[in-house]
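**Student:** Quick one: sequence and predicted model below, then my questions.
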Amino acid sequence: MLLSDLPVTNAPEAWQRVEWYRRRWTIEEWHRVLKTGCNAEGREFKTAQHLQRVLAFDLIVAWRVLVCLKLGRTLPKLPAALFYTSEEIEVLRTVLKKKPTPSC
């Protein structure tokens, strides 16, 4: 059962509400990437303009991460070159090399 405060008078309207609800999970994942991956809530800015600039960048990053996550779940063997430029791949490799390995 799906509850809504919007009027539903016919089947197409009902299906429209169902489609809206189905999209909710993708939106939830996107917000999770913004919060945890981009640390959007942990930042502090002195002006709204600074926040807008960083948030615009974070929204793009979160969208790209979400696309990679979704495609990685369904097609895990896709090459990274489909999503990233050679320069971006090199940056990722460099960052991964610098991360400390967890000790056992």
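**Tutor:** Yep, it's here.

**Student:** Below-threshold pLDDT in this protein: ranges please.
**Tutor:** Within the chain, the set of residues satisfying pLDDT under 70 comprises 99-104.

**Student:** what ranges do the helices span in it?
**Tutor:** Using DSSP state H, the helices of the chain run over 11-32, 48-74, 86-98.

**Student:** Can you dump the C-alpha atoms of the last one in CSV for me?
**Tutor:** C-alpha atoms of helix 86-98 as CSV (Å, rounded to 0.1, in the frame of the first residue of the first chain):
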residue,chain,number,x,y,z
SER,A,86,43.1,9.0,-18.4
GLU,A,87,44.1,11.9,-16.1
GLU,A,88,41.3,11.1,-13.6
ILE,A,89,42.3,7.4,-13.6
GLU,A,90,45.9,8.4,-12.9
VAL,A,91,44.8,10.7,-10.0
LEU,A,92,42.7,7.8,-8.5
ARG,A,93,45.7,5.4,-8.8
THR,A,94,47.9,7.9,-7.1
VAL,A,95,45.4,8.5,-4.3
LEU,A,96,45.0,4.7,-3.8
LYS,A,97,48.7,4.2,-3.6
LYS,A,98,49.0,6.8,-0.8
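
**Student:** how much does that helix deviate in direction from helix 48-74?
**Tutor:** Orientation check (axes from the mean of the first three to the mean of the last three CA atoms, to 10 degrees): helix 86-98 against helix 48-74 gives 90 degrees.

**Student:** residues in contact with A81?
**Tutor:** By CB atoms under 8 Å, 6 or more residues apart in numbering, the contact set of A81 is I89. Bear in mind the C-beta positions are built from the backbone N, C-alpha and C, glycine included.

**Student:** Then T9?
**Tutor:** Counting by CB under 8 Å, 6+ apart, T9 makes contact with nothing.

**Student:** Can you tell me how far it is from V18?
**Tutor:** T9 sits 15 Å away from V18, going by CB to CB, to the nearest Å.

**Student:** Same question for R53.
**Tutor:** Remark: distance between R53 and V18 (CB to CB) = 37 Å.
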